[in-house]
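S.K.: attaching a predicted model along with its sequence, questions to come.
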Amino acid sequence: MRNQVLAFAFCSLICGSTFAQQKSPQRMLPAEQEMTLQYGADRLGKRHDAAMERFRDNRLGAFIHWGLYAIPGGEWNGKVYNGAAEWLKSWAKVSADEWLKLMDQWNPEKFDAKKWARMAKEMGVKYVKITTKHHEGFCLWPSKYTKYTVANTPYKKDILGELVDAYNKEGIDVHFYFSVMDWSNPDYRYDIKTKEDEEAFRRFLEFTDNQLKELATRYPTVKDFWFDGTWDASIKKNGWWTAHVERMLKELLPGVTINSRLRADDYGKRHFDSNGHLMGDYESGYERRLPDPVKDLKVTKWDWEACMTIPENQWGYHKDWSLSYVKNPVEVLQRIVHSVSMGGNMVVNFGPQADGDFRPEEKVLAEAIGRWMKKNGECIYGCDYAGLEKQDWGYYTRKGNDVYMVVFNLPFSKWLTVKTPRGLKPVEAVTLDGQKVKVVETTNNEYNVAVPEKVAGEPFVIKLKVETVEGAVDKYKAALT
Ligand code: H79
């Protein structure tokens, strides 16, 4: 201890103020003081290649959580657990052997990949993220590296393969969810404390590499890998491996996108490296929550994707949704629009039943979202952060000179306030069903946009054509000085 204190005092003397910064790798350092990292971000700023543009323009996706957990649906030995259904093995303290016996009951007789793909198409999602393997370790594809796969169930068939084909035929991109943490593999470690742990975990990482290579080569149309279960100390101590996986997949599948959650750097810093730069291609930390539309505008600097459940916290099928609040279609829409308004994507989760069908509540929700997207999808697909100050009536999204006002709250005044940055002027406003809407300038860079005469009893959209005025001065602000 005394030596450490001395070392600290000595280092403080010679390094001066930079020492404090270097000691804390969490902090964003000025460029000239950045630490050298072998496994940090390999790029600064957003990717702009065609595959990434497509990822971004898609904007709306669906998550599918389907695994053995769908069979008990949150209930074990007569007790219903309200924790996430896909974590039931953990809540009910079931051994891996006992849990994996559920494979004998895996026989989803109503499963029809084409129906799933049609449902996604009708909902207006442009991509689907499928759990190839969740924490339990059960694989939806016939992996040759483990016996815990669909091939060894009464159903036998390659579910993942059927889904990839069916979604692709509908023009829907397929993304693979993959949990690194694997409760079925005895070589998995939560931490590395002994030589034996080190050896076991090395075998585990090799097994994981093999499964990932297998997925990439069996299903080469996959567009994205979304990693989960990467928070344990064992993985944080092996940041090199997460960088290696990103590189390996990108070599096998040019254009593939990878989420930040996979990554840890040389110091075990996750998502953002020790210099504060995003690792992977997009930030994936917004799970069941969203950035604040006023305070968190920093997120518009990078790509990001949020995901959310329909009840409070159920990803896999749970038999009793009455145990928590279930979002209605407008609440789901609001989260979709909120994400796009801040330059992000939104993925809405579905947890299919063990029989291969979707629960009625999910079908109703998918249809409602689909109906709205058919009318209003123009304000979602290919849209981005608009750069206008948030107003209480709803959200802005933007595509070039089209600014979309997505109205969720009708003001008593019947006017929607719009404040534009200096030099940006609205020239025309129309609803998406073609009604012309009045715009009145109330003061410099502030406008009142009329609530259209006919509005349906649901969120509606006004398209504001804007024009950039060269050399404009902010007269109002100037007058204050
Ligand atoms: O697949 C869905 C969830 O099952 C998974 N991600 C989504 C997409 C997920 N599982 N857990 N989490 C997300 C959050 C992590 C919680 C943890 Fe813990 C905190 C892991 C370790 C500490 C809770 C407490 C679980 C174990 C201890």
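M.R.: Now that the structure is in, tell me what you want to look at. Residues are numbered from 1 along each chain as shown.
S.K.: switch to C-alpha atoms for all contacts and neighbour counts from now on
M.R.: Fine.
S.K.: now do the SS call for Cys307.
M.R.: Classification of Cys307 by DSSP: H, G, I helix; E, B strand; the rest coil places it in strand.
S.K.: quick check: it touching Val347?
M.R.: Yes - with contacts counted by C-alpha atoms under 8 Å, Cys307 reaches Val347, the gap being 4.5 Å.
S.K.: which neighbours do those two have in common?
M.R.: Phe63 (C-alpha atoms under 8 Å, 6 or more residues apart in numbering).
S.K.: quick one, domains of the protein?
M.R.: 2-379, 394-468 (automatic domain parsing).
S.K.: any chance of the ones you listed in CSV, plus mean pLDDT?
M.R.: Shown next, in CSV, are the domains of the chain (pLDDT from 0 to 100):
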stretch, mean pLDDT
domain 2-379, 94
domain 394-468, 96
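S.K.: those: which one's closest to Ala386?
M.R.: domain 394-468 (4.9 Å; C-alpha to C-alpha).
S.K.: tell me the span between the first and last residue of the closest one.
M.R.: Taking C-alpha to C-alpha, to the nearest Å, domain 394-468 runs 23 Å from one end to the other.
S.K.: not counting its neighbours along the chain, what's nearest Asn328?
M.R.: In space, and not counting its chain neighbours, Asn328 is closest to Leu365: 7.5 Å by C-alpha to C-alpha, 6 or more residues apart in numbering.
S.K.: helix/strand/coil for the one you found?
M.R.: Once three-state DSSP is applied, Leu365 turns out helix.
S.K.: how many neighbours does it have?
M.R.: 18 (other C-alpha atoms under 10 Å).
S.K.: so it makes contact with Lys327?
M.R.: No - applying C-alpha under 8 Å, one finds Leu365 not in contact with Lys327, separated by 9.3 Å.
S.K.: and the top helix by length along the chain, what's buried?
M.R.: When the chain is parsed with DSSP state H, its longest helix is helix 195-218. Residues of helix 195-218 classed as buried: 197-198, 200-202, 204-205, 207-209, 211-216 (neighbour count, 16 or more other C-alpha atoms under 10 Å).
S.K.: beyond it, next helix or strand please.
M.R.: Reading on from helix 195-218 to the C-terminus, the next helix or strand found by DSSP states H and E is strand 224-228.
S.K.: strand partners (parallel or antiparallel) of that following strand?
M.R.: strand 173-179 (parallel), strand 257-258 (parallel) (DSSP bridges).
S.K.: nearest to Val337, out of the ones you listed?
M.R.: Among the strands paired with strand 224-228, if distance is taken as C-alpha to C-alpha, the winner is strand 173-179, at 20.5 Å.
S.K.: just put the domains of the chain in TSV and tack on distance to Tyr385.
M.R.: Shown next, in TSV, are the domains of the chain (distance: least, C-alpha to C-alpha, whole Å):
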stretch	distance to Tyr385
domain 2-379	5
domain 394-468	6
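S.K.: give the contact list for Pro352.
M.R.: Pro352 neighbours (C-alpha under 8 Å, 6+ apart): 64-66, 70, 316-317, 358-359.
S.K.: how about 7 Å then?
M.R.: Contacts for Pro352 (C-alpha atoms under 7 Å, 6 or more residues apart in numbering) come out as 66, 317, 358-359.
S.K.: return the member of the residues you listed nearest to Lys115.
M.R.: The closest of the contacts of Pro352, once distances to Lys115 are taken by C-alpha to C-alpha, is Phe358, at 10.2 Å.
S.K.: kindly provide the distance from the closest one to Asn328.
M.R.: 17 Å.
S.K.: please apply the same query to Pro220.
M.R.: From Pro220 to Asn328 the distance is 36 Å (C-alpha to C-alpha).
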